[in-house]
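>>> predicted model and sequence below, questions to follow.
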Amino acid sequence: MGARWGIFAVVAASVLWGTTGTAATLAPGVSPLAIGAVAMGIGGLLQAAVAARQIRANRAPLVARWRLVAIGALAVAAYPLAFYSAMHLAGVAVGTVVTIGSAPIAAALIEWGSDRRPLSRRWVAGALLGVAGAALLSVFGHGGEAGAPGSTWSSTAGILLGLVAGVTYALYSWAAHRLISAGNPARAAMGAMFGVGGVLLMPVLALTGASLLASASNAAVGLYMALMPMFVGYLLFGWGLSHLRASTATSISLLETVVAAALAVLIVGERLAAPAWVGAAMVVGSLFVLGDGAPKASAAKERDLAAATNDPST
């Protein structure tokens, strides 16, 4: 039951994340670096503030695993800068699907390299189905609105940055899962990691964020990005990670590609060819395979994780 609620939490977070690319287009005068810095920077500091009591209560075990916190924080800081730049250069749909489509592969390689944890055949089948769907979206989902990114250079650079974002996304998911599996409550682990990441992003925001205050609409976009996708979304994601492996969580989050593509068509004006819609259907289908085939921890370990996440200090 815990795994199914974890899946639901990651799905809800993915829907929120899927709105970020479209929201960013509503502030065209703001650079992608500023968007990324305000979204993850302020969102991360809010997470740390809400989890301050839990972080203090678990200070000793977090300090003992400072390397994991540092790795996760660096990945948290790098991810939004690469992600929003990828969408700016390659388009909302393509930038999102390359990022999220590459994350499960990166997560699987990280888990194999660090934990030597095998993946079930069903999980591999579900992940391959989702990645194949994301690939179709990437190939046939190029934006078609006026002024959309279209040059070979910008598309290639956007795809490369999307791959960087996918790796950093998988890396901080893995670090968070390791911290939670070690007995740290989800709020404490995510709050510490995202709080440090938020601090690292503050210089970027100071250098690039003046345009956020240039108009009420720009400020509203920045506020939405920080509060909803990055604050609420990552609270849900952190809870989900306490019940799922990082590779499973990152695979389920492929749903973000479908939401992003649909909003890019309906609101931004990007056009998707028929094969891209087939890819979207494949991504949705992969969620059912991954949900039923998600690797589960032992009963004792699941009880320990649930207790750590829901103890009175949280």
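Nice, I can see it. What you see is a predicted model, and the numbers here were worked out from it, not measured in a lab.

>>> was I right about residue 139 contacting residue 275?
Yes. Counting by Cβ atoms under 8 Å, residue 275 is a contact partner of residue 139 at 7.4 Å. Using the backbone N, CA and C atoms, a C-beta is placed for each residue, glycine as well.

>>> separation between residue 241 and residue 67?
18 Å (Cβ to Cβ, to the nearest Å).

>>> neighbour count winner among those two?
Set residue 241 next to residue 67 and count neighbours by other Cβ atoms under 10 Å: residue 241 wins out with 30 against 9.

>>> okay, now the nearest residue to residue 17 once chain neighbours are set aside: neighbour count?
Leaving aside its sequence neighbours, residue 17 sits nearest to residue 256 (Cβ to Cβ, 6 or more residues apart in numbering; 4.7 Å). Other residues within reach of residue 256, judged by other Cβ under 10 Å, total 30.

>>> residues touching residue 256, list them.
For residue 256, the contact set (Cβ atoms under 8 Å, 6 or more residues apart in numbering) comprises 14-15, 17-18, 96, 100.

>>> can you pull the phi/psi pair for residue 243?
Residue 243 adopts backbone torsions of phi -120, psi 0, taken as degrees, to the nearest 10.

>>> oh, and call the first residue 58 from now on, that's how I've got it
Renumbered: residue one is now 58, and that last one reads residue 300.

>>> state the distance from it to residue 146.
On the measure of Cβ to Cβ, residue 300 and residue 146 end up 35 Å apart.

>>> what about the two, which has more around it?
The residue with more neighbours, out of residue 300 and residue 146, is residue 300; 27 against 22, by other Cβ under 10 Å.

>>> chain neighbours aside, what residue packs nearest to that one?
In this structure, residue 300 finds its nearest non-sequential neighbour in residue 63, 3.0 Å apart by Cβ to Cβ, 6+ apart.

>>> in which helix or strand does the one you found reside?
Per DSSP states H and E: residue 63 is located in helix 59-74.

>>> please apply the same query to residue 110.
Using DSSP H and E, residue 110 maps to helix 109-114.

>>> quick one: residues contacting residue 222.
Residue 222 neighbours (Cβ under 8 Å, 6+ apart): 136, 139-140, 143, 156.

>>> list the buried residues in the helix holding residue 63.
By neighbour count with 16 or more other Cβ atoms under 10 Å, helix 59-74 contains the buried residues 59-60, 63-74.

>>> tell me the least confident of the residues you listed?
pLDDT across the buried residues of helix 59-74 is lowest for residue 59, at 70.

>>> look up how far residue 297 lies from that one.
As defined by Cβ to Cβ, residue 59 lies at a distance of 10 Å from residue 297.

>>> then residue 125?
18 Å.

>>> which one of these two is surrounded by more residues?
Using other Cβ under 10 Å as the criterion, residue 125 and residue 297 rank with residue 297 on top: 27 against 21.

>>> got the contact list for the more buried one?
Applying Cβ under 8 Å, 6+ apart, the residues near residue 297 are 63-67, 70, 306.

>>> ok, which pair from those is furthest apart?
Based on Cβ to Cβ, the longest span within the contacts of residue 297 runs between 65 and 306 and measures 11.9 Å.

>>> element containing the spatially most central residue of the chain, please.
The residue lying closest to the centre of the chain (Cα atoms, centre = their mean) is residue 226, at 5.6 Å. Per DSSP H and E, residue 226 falls inside helix 209-238.

>>> quick one: that helix to helix 59-74, angle?
Relative orientation of helix 209-238 versus helix 59-74 (axes from the mean of the first three to the mean of the last three Cα atoms, to 10 degrees): 150 degrees.

>>> the inter-axis angle of the next helix or strand after helix 209-238 versus helix 209-238?
Moving toward the C-terminus from helix 209-238, the next helix or strand (DSSP H and E) is helix 243-265. In terms of direction (the same axes, to 10 degrees), helix 243-265 departs from helix 209-238 by 150 degrees.
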